[in-house]
Each structure stands twice: as structure tokens, then as C-alpha cells.
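In: Pasting the sequence and the predicted coordinates here, then a few questions.
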Number of protein chains: 2
Amino acid sequence: MDQVKGAQSLLFREAPYLISAASVAGSKEAEGPIGKLFDVTNEDDLFGAQTWEEAESNMQKEACVLAAGKAHMDLKEIRYLFGGDLLRQGIATAMGVEALQIPMFGLYGACSTSGEALALASMSAAAGYGGTMLAVTSSHFGSAEKEFRFPLGYANQRPLSSHWTVTGSGAFLVRSAEEYQKNQMQPYFSHIRITGVTVGKIVDYGLKDSQNMGACMAPAAMDTIVQNFQDLDRKEKDYDRIITGDLGSIGRTILFDLIREKGYDICEKHMDCGMTIFDKERQDTHAGGSGCGCAAVTLASYVLPKLESGEWKRVLFVPTGALMSTVSFNEGASVPGIAHGIVLESDA
Amino acid sequence: MDQVKGAQSLLFREAPYLISAASVAGSKEAEGPIGKLFDVTNEDDLFGAQTWEEAESNMQKEACVLAAGKAHMDLKEIRYLFGGDLLRQGIATAMGVEALQIPMFGLYGACSTSGEALALASMSAAAGYGGTMLAVTSSHFGSAEKEFRFPLGYANQRPLSSHWTVTGSGAFLVRSAEEYQKNQMQPYFSHIRITGVTVGKIVDYGLKDSQNMGACMAPAAMDTIVQNFQDLDRKEKDYDRIITGDLGSIGRTILFDLIREKGYDICEKHMDCGMTIFDKERQDTHAGGSGCGCAAVTLASYVLPKLESGEWKRVLFVPTGALMSTVSFNEGASVPGIAHGIVLESDA
């Protein structure tokens, strides 16, 4: 079987297993609708550190150690790590995974990074480049506001279209089918496989409002979802859920409109991690959650258990990223988007 | 044959071909020792743009288009792109490759990114995930000084241990062995294969001087080179050259010392792209060149032709990165390093 499908997708000949996941999140996330599902939460969002950046690093490290522990694995047994975050020069990841001493690939795909990491981890596992791969991403409200917007101390007003960056880190272990058969240790999840990926293109509709990221990312989400349908000859009915990362309430509306123009209607199948993780009314988070950690912790804590139990049989996980920096938007550049699609299937 | 070798390396069962490369560089690079070898150079370093960031993006786009053109390829035929740069949120890459509309993976490995991109491109090609992959990285003196140090207008003094960021972008096409046999079009290079990779770990000796990156990166270079020797059961004599990215004159001395402690002596086989690209005395570049573009353009213009001609039969290409940001060093964090090893072989 040729693994290459259409212009952008792969269907793995021997689909690797997603054998473990861990989620570490902040205090606001803990108070949200899925707050009770996270493995670890922290009251002061500093996770024992002195700075937001170090706090984010600590979350990543904790998530990795926890994901390995849940699968009874020593970190030394992990072949390669694929990780990233939102900060300049990916410093939360560099500082976070340093202590783990796993050979690593640093990634940047804005809030789509969890999709990028899972794509590369599953591609590497399926190719036989090692037994078990680790994918990890994180974001932190404090470090992200400092990186992209205003220091928290300014207490500036936020437009209603803005997102609330999730303080959280999700880590995932992806094991090759061969290693899955051989390994005697009980995995944490034993029914979930990554059967395919759709690698996203940069999609730019020319929007320049960095405080309306949902609108900036919706075209990329549409592009990747439609490409997935075309490449794999599927439709919305072939998925139990189509799960975007952090389009929020505004981006979701745009996605529904754009995808309807392409002849599909995903309204009944759609879920957005950014809208799932916070209670918009009660938590004053405006359009919804965002950040590399948003999709990652929602996948780890809420989505994967539903696949493991067999409640959902097949989902398309599509984290979306807004590609910008303070320099690019100060220089008047537009904010293009990118989204990667991960097909997760359950044999439960 | 098992492709997995030792703790960190891979040797491909069907080694992909590096079929084309292109280099685009700035004015200072054009005046350097290998200046005549670059495909395109530009007098004002702006490459037709208004900002340094956009200039860097234009270099990347130009390098990609040129690499494809040299191999008689339409960009549409390229399966996946692996790219990165030094700027916050990888914006030079996002803006640079957007117009190419190739599904892409954004990477961050500081100045090691060309190694990371070539590793993932060759891993994906060797796994049969598509016919031809594109790896691209860039750096720009103007955008890097602004990102990491001082605005150019300050005309600040630079310590003698500092590096001069190379203005340049290198792009590489990696083709699977299967596609290489099938494809009728004459490749630009027809004798070079990527036979293996050694994925690097983050190595931190606790150095905090961001103006002495050679010292910060040397331990990582040592770690990856020694790991490559051990994983593949090789020694210095098995390579015609061991080529680091941008250790510069200070980092090189440290590398030689560290590697001697491990029982190897690479002095006679070593070459550093940062020391090759500039004339230290004449061009006042202190420790040497640096940046994602440094190793990339030196590989594309100087190293690959020697492999294509058969002058060199096997080289280990080891771009090194210093993992830091203005935030991390202002907060007192150390500057760890990372290095990825790429084994290039010639059948000429």
C-alpha cells in the first residue's frame, strides 16, 4: 500500500499507537469545564519557578515525565522528542526538555505545534526510526501576554475577539506497531492509533488583526480539513468529531461558512478545544482559549479517553496556528494561518 | 537491516539523494573567501524589501525557487517543506515560504536548524512519505542583530568572542531513492546521498555569555560527533571532513579539547563553516560567521560540489545551535547548545 495520499496526506501502512498522554494546566484551566480531567494543576501558575518562562518549562518537563510514567517507561527508552512552544526561539521547550536528555527536534507552528509534533512523531514511529517517540507542546498565559501583547501589570483591556492563552502543557507518547507488539509493559492507552496525517500549508487571507486570531486561522483550518477529505476520499460523516485547536467562537463561525462554500457541513461534528476548555460567560475569556497548550491538554485529558473507551471511533484533530510575531505585525504584515490534521482511530 | 543505530542515530536502508541546492547571500558574504560560489548575492542586503525581516524572507523564497529550478522541478512537485530561521516565531520562514504553497513543517534549532531540516527531510524521503522534500534555512545580519542584540544604528562595540551573523539562505532538495530511479529529469547533483543522521540532545555546560556562542555550542558539537562515532562504530578517519556549522575560532579550540578527552582527534579533519565563509582578519568578523544561513550556504556552495565531484567521499555535517532568547538571557538562564549530525556520501 502506498502511504502517500493525495497532495498533502499520509495513511500509515502500520499505524503507530498513541500509548500515553499527560496534561499539566494552570489555575484558570482547573476552574474550567474540563478542569477536573487534567493530571496536574497548580494554584499560582508559577509551578515552583520565579518567571513565567521557567514556569512554562516546568510544565513541559512535568508533562513529559508524567506521560512516560503512565506508560511505565524510563525517559531513556524514548527515541526522539518533538516539541515546541509559542515563545521566541522556543525557549520554554529548550529549557523544559533539557533535563530529559532525549534527542530532540525543536518545532514552531504557533498554536498548531501539537499537530506538527504528533505528525512528525507518528511519521518517525511508523517509519521504524525508533520504538517510542514523545511529542510535547506548551503555552502559558503570563509568558504569552509578555511575548505578544502587554505586560500583565498594565491590566489593559482586551477586545472581545481576543483569545485567552491557555496555561498548560500536553505530552504524548507514540509507539510503533512493531514495538507495541513486542513491549511487555502495559501502555496507558491501548486502543488509539494515529492512522494518518494531513500536513498543512500556510494560508493567508490578508487579515492583519492579531487580536482576532480566530479569523486569521479559520481559512487554514478549512484548507486542511477539506484537503483531508479530498486526499482520503472522506466526508464529515466519516469522523465522529472534527476537532480544531483554538478557533474560538468567531473563528468557528468563519470556518463553518468557508467550509460550506466547499460543499461540506461540519457543524454537527465540530468541536473546538478553545471553546471546550473555558466557560466563556463565567470565565470572561472572550473568543476562547488559545496557545500550543490549549489543543494539547484538551486532547490529552478530554478527547483521548473518549477514543480509548470507544465512545468515538475516529476523529480528525486539527490544531491551528496564527503565524505572526510582534515584529511582523508592527511592520504591517498580515497574519497567515497554518493547520495540521491528525487522524486518530479507536479499535475499542 | 535495522535503520536504528545506537542511542541517537539512523542509517537509512535506502539512502535518499541530495539532488539540488541553492545559496543566496549578502554583500559581506559575497566579498568573503567563498563569495564567488554563491548562486545569488545582493549589494544592499535588502533583496528588494523594506525591512530586514522581509529581506530575509525574500532570500528564503529565492533560494527555494532556485533549488527547484536547478533540478528542473515545479514547486508543486515538492511534497513537504522543512524550514526555519532565527527570528521570533520563525517569521522569516512563514513569510518566505508562504508564496510557495508547499505543505510545511516549521522548525527551530537556532543555528543547527539546517541540520534539523535535512534530518527530517531525509527521514521523510527515506520513509517513502513523498518523492522530493525541501529543506531551507536562513539568517540575516540586520534582522538577527535586532532580534538578539542591538539596533544596527547604535553602532555598538562587539566583543572579540562574538560572531557575525551570516546574511544568507540555503535550500536543499532531498529525493527518495525510489523517486530518483523513476524521475527522468536530470538532477543538479547526482552523486550525493544522505546516508544517516545523528539527532542531537540539548547539552548545557552552564555558560551564560551569549556573546561567546562558540563556547556555548562546542559541548553540543562534541556530544553529537562522539555519539555519531559510537552509534555507527566509526572514527575520525572514516570521514573526509567533519564540518561544524558556526563554532568559530574559539568554539573550535574548545571542541578540539573536549573531543580529545573522549579519545578522538579531529583537528586534521575539521572544518567550520563560520570560519570558512569570512576572512577573519580582512573582514573584522571576530570569532567567525554564525546563523542558520551560515552552515546552509557553505554546504550548498562549497561542500556539496566537492562531494559531487568525488573530491570528498564522506563528510559529517554538524550544524550547531545556541538555545537562547533575549528573555532567557536577561532572566539569567544559561545558553545550552544543540547539534545535529548529517552523514553525506558521494558515489562519484
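Out: Everything's here; your move.

In: what does the stretch 201-348 of chain A put close to chain B?
Out: Taking CB under 8 Å from any CB of the partner chain as the criterion, the neighbours of chain B within the stretch 201-348 of chain A are A:201-202, A:204, A:323-328, A:331, A:333, A:336, A:338. Where you see a C-beta, it was placed from the backbone N, CA and C, and this is true even at glycine.

In: So which of those belong to strands?
Out: Within these, residues falling in strands by DSSP state E are A:Ile338.

In: Against A:Leu134, how distant is A:Leu66?
Out: For A:Leu66, the distance to A:Leu134 (CB to CB, to the nearest Å) stands at 11 Å.

In: Pop out the phi and psi values for A:Arg234.
Out: Dihedral pair for A:Arg234: phi -130, psi 170, per degrees, to the nearest 10.

In: what's the answer for the one 5 residues further on, then?
Out: Per-residue torsions, A:Tyr239: phi -120, psi 140 (degrees, to the nearest 10).

In: cool, the one 4 residues further on as well?
Out: Note on A:Ile243: backbone dihedrals following degrees, to the nearest 10 are phi -110, psi 110.

In: how far away is it from chain B?
Out: 20 Å (CB to the nearest CB, to the nearest Å).

In: burial of that residue, as a residue count?
Out: 26 (other CB atoms under 10 Å in any protein chain shown).

In: which residues touch it?
Out: By CB atoms under 8 Å, 6 or more residues apart in numbering or on different chains, the residues touching A:Ile243 are A:270-273, A:295, A:298-299, A:303, A:315-318.

In: And for A:Gly131?
Out: Taking CB under 8 Å, 6+ apart, one finds A:77, A:79, A:125, A:175-176, A:178-179, A:183 in contact with A:Gly131.

In: quick one on the thing from earlier: filter the residues of the stretch 201-348 of chain A next to chain B down to the buried ones, ChimeraX style.
Out: Typed into ChimeraX, the next command selects the buried ones out of those (criterion: 16 or more other CB atoms under 10 Å in any protein chain shown):
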select /A:201,202,204,323,324,325,327,328,333,336,338
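
In: Dump the residues of the stretch 201-348 of chain A next to chain B to CSV, plus pLDDT.
Out: Shown next, in CSV, are those (pLDDT from 0 to 100):
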residue, pLDDT
A:Lys201, 98
A:Ile202, 98
A:Asp204, 97
A:Leu323, 97
A:Met324, 95
A:Ser325, 95
A:Thr326, 93
A:Val327, 93
A:Ser328, 93
A:Glu331, 92
A:Ala333, 94
A:Pro336, 96
A:Ile338, 98
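
In: Tabulate the residues of the stretch 201-348 of chain A next to chain B in CSV, adding columns for distance to A:Gln283.
Out: CSV is the format used below for those (distance: CB to CB, whole Å):
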residue, distance to A:Gln283
A:Lys201, 33
A:Ile202, 32
A:Asp204, 31
A:Leu323, 27
A:Met324, 25
A:Ser325, 27
A:Thr326, 26
A:Val327, 31
A:Ser328, 30
A:Glu331, 33
A:Ala333, 31
A:Pro336, 29
A:Ile338, 27
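
In: Packing partners of the strand or helix carrying A:Ala21?
Out: If you go by DSSP states H and E, A:Ala21 is part of strand A:17-25. Counting contacts by 3 or more CB pairs under 8 Å, 6 or more residues apart in numbering or on different chains; DSSP states H and E, strand A:17-25 packs against strand A:40-41, helix A:52-70, strand A:168-175, helix A:177-182, strand A:192-198, helix A:292-298.

In: Max pairwise distance over the residues of the stretch 201-348 of chain A next to chain B: which two?
Out: A:Lys201 and A:Thr326 (24.3 Å; CB to CB).

In: For A:Leu344, give me its contacts.
Out: Applying CB under 8 Å, 6+ apart, the residues near A:Leu344 are A:18, A:192-195, A:303-304, A:307, A:314-317.

In: Which of the residues you listed are buried, as a PyMOL select command?
Out: Buried members of those can be picked out in PyMOL with the line below, counting by 16+ other CB under 10 Å:
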select buried, chain A and resi 18+192+193+194+195+303+304+307+315+316+317
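
In: Which of the contacts of A:Leu344 sits closest to A:Gln227?
Out: The closest of the contacts of A:Leu344, once distances to A:Gln227 are taken by CB to CB, is A:Leu316, at 11.0 Å.

In: starting at the chain centroid, how far to whichever strand or helix holds the closest one?
Out: According to DSSP H and E, A:Leu316 maps onto strand A:314-318. Mean-position distance between strand A:314-318 and its chain equals 11 Å (CA atoms, centre = their mean, to the nearest Å).

In: Show me the contact partners of it.
Out: Residues contacting strand A:314-318 (CB under 8 Å, 6+ apart): A:115, A:118, A:221, A:224-225, A:228, A:238-245, A:295, A:299, A:303, A:307, A:339-346.

In: Thanks a lot, catch you later.
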